[in-house]
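Let me see the structure of the following:
(one chain, ligands or ions: 3)
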Amino acid sequence: MKILKFGGTSVGSVKSISTIIEILKNESSSGENPVVVLSAMGGVTNLLSTMANKAAAGEDFSAYVTELESRHFEVIKALLDVHQQNPVFTRLKILFNQLEDILQGISSLREITPKTYDLVLSFGERCSTFLVSKIAEQSLGPVEYVNACDVIKTDSSFGQAKVQTELTDMLIRDFYEANKGKMLFVTGFIASNEEGRVTTLGRGGSDYTAAIFGSALNAEEIEIWTDVNGMMTADPRMVKKAFPLKELSYIEAMELSYFGAKVIYPPTMIPAFMKRIPIVIRNTFEPSFPGTVISHESRPSEHSVKGISSINEISIINLEGSGMVGKAGFSGRLFSLLAREQINVILITQSSSEHSITFAVNPLDAVKAKLLIEQEFELELEAKKIEVPEIEEGLSILAIVGENMKKTSGVSGTLFHALGRNGVNVRAIAQGSSEYNISVIISRVDLAKALNAVHDAFYTDLKKTLNVFCLGTGNIGKTLFKQLEQHRDFLQRQNGILVNVIGISNTRKMVFEEGGLALQNWQETLDSSGEPADLDAFIARMREMNLPNAVFVDNTASQVPIAYYEEVFRSNISVVTCNKIGNSASYQQYRKFSDLARKHGVDFYYETNVGAGLPIIRTLKDLMMSGDRVIRIEAILSGTISFIFNNFKGDTSFYDIVKQAQEKGFTEPDPRDDLRGTDFMRKMLILARDAGYTLEPEDVKIENMLPQSCLDAGSVEEFYEQLKVNNDYFEGLKTEAESAGKVLRYIGKLENGDVSIALEMVDDAHPFYMLSGSDNIISFTTERYKERPLVVKGPGAGAEVTAAGVFADIVNVGA
Ligand SMILES: NC(=O)c1ccc[n+]([C@@H]2O[C@H](COP(=O)([O-])OP(=O)(O)OC[C@H]3O[C@@H](n4cnc5c(N)ncnc54)[C@H](O)[C@@H]3O)[C@@H](O)[C@H]2O)c1
Ligand SMILES: N[C@@H](CCO)C(=O)O
Ligand code: NA
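Ligands and ions are numbered 1, 2, ... in the order given. Next up is the predicted model:
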């Protein structure tokens with residue numbers, strides 16, 4: 001036999017009550033009748049409480065009584081056959097009249113005792129249970145309404161009465177035997193004392209009723225029907241990826257609901273726990289969902305950490321001083337004091353030097369606790385054996401919970417790595433020696449970020465969410481958005497990676513969406529709801545959002561964002577950039593970026609700084625990391641100039657070719673950067689630095705391939721004009737090369753720490769002779785690749801290949 005308990009939301013409306021009847025039909029058709037325990041209709045207990053308080057204050061409560069009546073009458077009208085309605089109306093009306101009389105009494109006395117208060121509250125369960133039993137009778141056969149006051153006996157601690165277990169068990173069993181064949185509908189939450197006065201069972205009272213009945217009748221299972229799909233891995237309001245757990249042990253359920261996750265209140269489940277009766281959390285609003293099974297033992301599961309629980313607001317109190325060292329009984333005095341004064345201590349840590357004790361309490365208790373300590377330890381304080389206790393506010397607790405944690409190494413490593421990588425400072429740590437729970441105290445502002453980061457770290461089958469902030473919506477930026485949008489589903493399905501673009505800015509506007517911007521219409525969103533761009537504000541917003549796995553992407557060609565990189569790293573945010581300016585300015589800055597990224601445990605990826613998406617930086621870093629040494633690098637790294645020389649043939653003028661390169665998206669936003677060699681210089685410099693050389697921009701020797709007037713051009717238009725003016729010069733170069741059976745190549749070299757770039761004419765014996773399109777080519781001669789160099793070759797400019805490189809860098813963050 002099963003116990004089915006339905007909470008307030010399940011008994012909240014006509015629709016939900018109809019669902020309950022369906023659930024019961026299913027249940028009784030598949031075997032024995034269940035015992036049904038019901039709460040008051042959703043909100044009714046609060047309503048009753050308000051009425052009682054109004055009455056005690058001598059205020060008018062009639063409107064509330066009317067509301068109470070109409071909520072129940074509405075259900076009668078909707079769910080009972082017409083000829084069944086009258087007797088139920090009458091019975092409820094009698095109850096409401098009784099209630100009104102009691103409230104009148106309270107009103108005349110201007111006083112409410114705990115005893116009367118319990119009596120008033122009892123009307124909620126009595127009405128709902130009677131009503132639902134009558135509705136069930138229509139389609140489910142014989143039923144019996146059970147006022148639990150007749151069978152659950154308690155002491156007289158009104159509000160939180162203590163059950164007399166033996167007597168209660170006997171009464172329940174007798175009642176059950178006498179009513180075999182009927183479906184029992186039991187009022188949750190209420191009971192009575194020896195004199196038959198109504199008492200209530202306190203917090204989670206209806207769950208308690210279910211557990212008491214389950215235990216007395218040795219039920220095979222207790223189902224707690226509520227409005228969620230079970231116990232979740234974390235607070236779903238803060239962790240979008242939280243999911244319902246299939247199975248939990250009692251201990252895990254206790255640990256998880258101690259903090260947060262209030263689906264059930266586990267202390268009420270102890271009677272079931274003692275009898276090893278499984279408890280199943282089910283969702284009335286999604287009855288086909290299997291829910292969470294809470295059972296005696298923890299079964300092996302793929303996750304050693306079952307859930308992550310949290311308390312949003314706590315304060316800690318620090319007690320320090322030499323007077324505590326080696327003093328037996330000090331902590332005894334401290335914690336007895338707090339217990340005596342009913343201050344609940346949530347967590348305790350003590351250093352092994354015994355020099356300090358830290359404990360966490362509800363913020364409402366903090367000041368009181370401090371005062372109590374100051375009184376109790378007055379002498380020690382005076383003698384300076386301890387310091388004045390310090391309160392720290394604005395903190396939260398995050399705890400990972402799981403019985404199997406103790407059998408698994410690396411759990412705390414994973415926890416602290418996830419926190420550290422995301423810049424979450426841990427203020428205190430506690431782990432019970434039972435190892436069911438590791439708790440950390442962190443700043444309140446970091447809680448959501450920490451919960452998400454830790455959730456990602458432990459539920460690796462969900463992999464990671466990257467929260468991306470993008471600067472630049474030009475050629476590369478917009479192509480990146482297109483690619484992210486196109487591959488979104490695939491990336492999630494195949495790799496479990498979700499890339500959420502949270503913020504976008506260009507020079508005009510910026511826009512944010514904490515849940516992730518829809519990329520199919522980012523342009524409209526930016527135009528219609530964007531605010532004026534402000535890079536200071538953009539960075540500040542990114543930091544304030546404090547999201548886990550945050551990535552700052554620089555797709556601009558501007559100097560301006562570079563100045564923010566350091567602050568970004570310091571905020572534990574990774575940087576992905578195709579902007580070469582940062583890495584190719586001073587050596588000191590280049591170093592600083594890498595050092596800061598390392599120091600703050602985040603990534604700094606800039607593959608597209610050299611050869612767009614071609615794996616050049618990665619290849620070089622792998623060579624260096626595995627102990628190889630670069631002897632020589634020879635490379636063509638300007639996609640634009642490569643394209644120009646590969647296509648500067650026949651009648652096409654030099655001017656036309658440069659225009660084409662720009663139209664195809666190969667050039668920098670300012671094509672002079674390419675043709676003057678600046679872009680190439682930056683790439684050679686970055687390579688040389690990654691190869692271990694301490695070089696400054698002026699150390700790169702550049703041989704110009706342009707006549708002086710082109711170099712001097714003050715604007716892009718003037719520059720193009722000068723290309724036309726100097727047409728003969730370029731034609732001359734071309735003819736000279738062609739007549740010698742050669743091609744023009746702008747080639748960079750790194751050898752013995754010297755970097756140079758020069759225009760060369762090469763014949764078909766040269767490895768760089770055969771190139772086409774915007775091809776880049778790089779040949780690494782190293783200690784290990786000495787006889788024949790390692791060569792990377794392919795398109796090294798263009799929006800698609802560059803955005804793809806940025807894309808790859810982004811998804812590698814945190815890998
Ligand atoms: N084209 C290629 O093949 C290629 C290859 C590798 C790297 N890159 C690099 O890609 C970067 C972008 O090139 P692009 O062609 O897309 O440039 P673009 O001129 O088309 O776009 C630049 C974008 O950056 C924005 N921007 C500039 N300054 C800004 C600021 N301070 N704050 C916010 N936004 C700002 C602009 O509004 C614009 O949206 C450059 O650094 C370039 O070197 C390009
Ligand atoms: N303008 C650059 C883009 C690639 O970095 C080039 O032409 O190579
Ligand atoms: Na590259």
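
Can you tell me the element the nearest residue to Asp690 once chain neighbours are set aside falls in?
Leaving aside its chain neighbours, Asp690 sits nearest to Leu620 (5.2 Å; criterion: CB to CB, 6 or more residues apart in numbering). All C-beta spots, glycine's among them, are computed from the backbone N, C-alpha and C. Using DSSP states H and E, Leu620 falls within helix 617-625.

Measure how far that helix is from the centre of its chain, please.
Mean-position distance between helix 617-625 and its chain equals 33 Å (CA atoms, centre = their mean, to the nearest Å).

tell me which strands and helices the next helix or strand after it is in contact with?
Downstream of helix 617-625, the first helix or strand assigned by DSSP H and E is strand 630-636. If you count contacts as 3 or more CB pairs under 8 Å, 6 or more residues apart in numbering; DSSP states H and E, strand 630-636 packs onto helix 617-625, helix 678-690, strand 743-751, strand 775-782.

Deepest in the core, which of the ones you listed is it.
Of all these, helix 678-690 has the most neighbours on average by mean count of other CB atoms under 10 Å, namely a mean of 24.

after it, next one along is what?
Toward the C-terminus, helix 678-690 is succeeded by strand 700-702 as the next helix or strand (DSSP H and E).

three-state assignment of Arg784?
Under DSSP: H, G, I helix; E, B strand; the rest coil, Arg784 falls in the coil class.

I figured it hits Asp628, correct?
Yes - at 5.0 Å, Arg784 counts as touching Asp628 under the criterion of CB atoms under 8 Å.

And those two? Which one has more around it.
Between Arg784 and Asp628, counted using other CB atoms under 10 Å, the more crowded position is Asp628 (17 against 14).

From ligand 3, how far out is that one?
Asp628 sits 18 Å away from ligand 3, taking CB to the ion, to the nearest Å as the criterion.

So that residue is in contact with Thr782, correct?
Yes - contact between Asp628 and Thr782 holds when scored by CB under 8 Å: they sit 4.7 Å apart.

give me every residue that touches Glu524.
By CB atoms under 8 Å, 6 or more residues apart in numbering, Glu524 lies in contact with nothing.

on that earlier part again, isn't the residue nearest to Asp690 up against Leu687?
Yes - the pair Leu620 / Leu687 is scored as a contact, 6.5 Å apart, by CB under 8 Å.

Quickly note the distance from Tyr565 to ligand 1.
According to CB to the nearest ligand atom, to the nearest Å, Tyr565 stands 13 Å off from ligand 1.

so what does the helix holding Leu620 touch, helix or strand wise?
Secondary-structure packing of helix 617-625 (3+ CB pairs under 8 Å, 6+ apart): strand 630-636, helix 678-690, strand 775-782, strand 790-795.

can you redo those as a markdown table with mean pLDDT and distance to Val14?
Converted to a markdown table, those look like this (pLDDT from 0 to 100; distance: least, CB to CB, whole Å):
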| stretch | mean pLDDT | distance to Val14 |
| --- | --- | --- |
| strand 630-636 | 97 | 75 |
| helix 678-690 | 98 | 69 |
| strand 775-782 | 97 | 70 |
| strand 790-795 | 97 | 66 |
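
could the ones you listed be laid out in a markdown table, adding distance to Lys463?
Listed next are these as a markdown table, based on distance: least, CB to CB, whole Å:
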| stretch | distance to Lys463 |
| --- | --- |
| strand 630-636 | 35 |
| helix 678-690 | 29 |
| strand 775-782 | 33 |
| strand 790-795 | 29 |
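
out of these, which comes closest to ligand 1?
Ligand 1 sits nearest to helix 678-690 of all the helices and strands packed on helix 617-625, at 6.9 Å, using CB to the nearest ligand atom.

What is the closest one packed up against?
helix 587-599, helix 617-625, strand 630-636, helix 672-675, strand 700-702, strand 743-751, strand 754-762.

Tell me which of those approaches Gln722 most closely.
Taking CB to CB, helix 672-675 is the member of these nearest to Gln722, at 10.1 Å.
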